[in-house]
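> what's the 3D shape of this:
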Amino acid sequence: MLPPMTNINSEVDDVRHRLFELISKLSYDDILKLVDELESRLNFKAQDRRKHARKSTKIETSITTRDATLSDTSLHDISFKEFMQNISNEGAYIKTAYPFRIHQELSLIFPLSGVKDPINITGTIERIDPEGVGVKFDEIISDV
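Alright, predicted model coming up:
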C-alpha cells in the first residue's frame with residue numbers, strides 16, 4: 001500500500017528544504033562543482049539548458065576587461081586577443097588562460113560572417129573551466 005500523497009509531498013518538501021540549507025552553505029565554486037557532478041550523473045548536457053544553439057567557430061576576439069595587475073592593485077583596462085570557440089545569440093565560449101573571475105565584466109570585438117562591421121558587445125563571465133570561459137552577452141546578437 002502506498003503512503004498518502006500528503007505524506008509524500010511533505011517528505012519531498014523536507015528533502016528540498018534540507019538540500020537548500022546545505023547548498024546555501026557552499027561557496028559559489030562548490031555549487032558549480034555540485035551542479036557539474038549532478039549533470040554528469042544524470043547525463044545532462046549544458047546545451048540542454050541553452051535557449052539558443054551554439055555554433056562551432058574559431059574567431060579571433062579582442063577582449064578588454066578591468067583588472068588589477070600583479071604590481072598594482074588598482075584597476076586598469078587590460079586588452080588582449082583570444083579565440084572564440086563557439087557562439088550563440090546570447091553568449092560565447094572563449095579559450096583562454098587569463099585568470100578571469102565569475103561575473104567579471106568584459107568587452108568583446110569580433111568579426112561575424114555576413115556582417116559588415118565587427119560586433120562590439122559587452123558581457124559577463126558565467127562559467128570558468130580549465131580551457132576557457134563562458135561569456136553571457138549583455139544583449140542578444142540577432143546575426144549569429
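> Beta-bridge partners for residue 56, please?
Here residue 56 shows beta-bridge partners residue 86, assigned using DSSP bridges.
> what ranges do the helices span in the chain?
When assigned using DSSP state H, the helices of the chain occupy the ranges 5-24, 28-41.
> Please identify the deepest-packed of those helices.
helix 28-41 (a mean of 12; mean count of other CB atoms under 10 Å). Backbone N, C-alpha and C define where each C-beta goes, glycine included.
> That one: how far from the chain's middle?
Distance of helix 28-41 from the chain centroid (CA atoms, centre = their mean, to the nearest Å) equals 13 Å.
> by how many degrees do that helix and helix 5-24 diverge?
Comparing the axes of helix 28-41 and helix 5-24 via axes from the mean of the first three to the mean of the last three CA atoms, to 10 degrees yields an angle of 130 degrees.
> who's residue 125 bridged to?
The partner list for residue 125 in beta bridges (DSSP bridges) reads residue 135.
> residue contacts, it?
When contacts are counted by CB atoms under 8 Å, 6 or more residues apart in numbering, residue 125 is found next to 100, 101, 102, 103, 104, 106, 133, 134, 135.
> Equivalent analysis for residue 86, please.
Under the contact definition (CB under 8 Å, 6+ apart), the residues listed for residue 86 are 54, 55, 56, 57, 92, 93.
> any idea how far it is from residue 59?
In this structure, residue 86 and residue 59 are separated by 10 Å, where distance is defined by CB to CB, to the nearest Å.
> Residue 109 and residue 117 touch, don't they?
No: in this structure, residue 109 sits apart from residue 117 without contact. The criterion is CB atoms under 8 Å, and the distance is 10.0 Å.
> Good, we can wrap up now.
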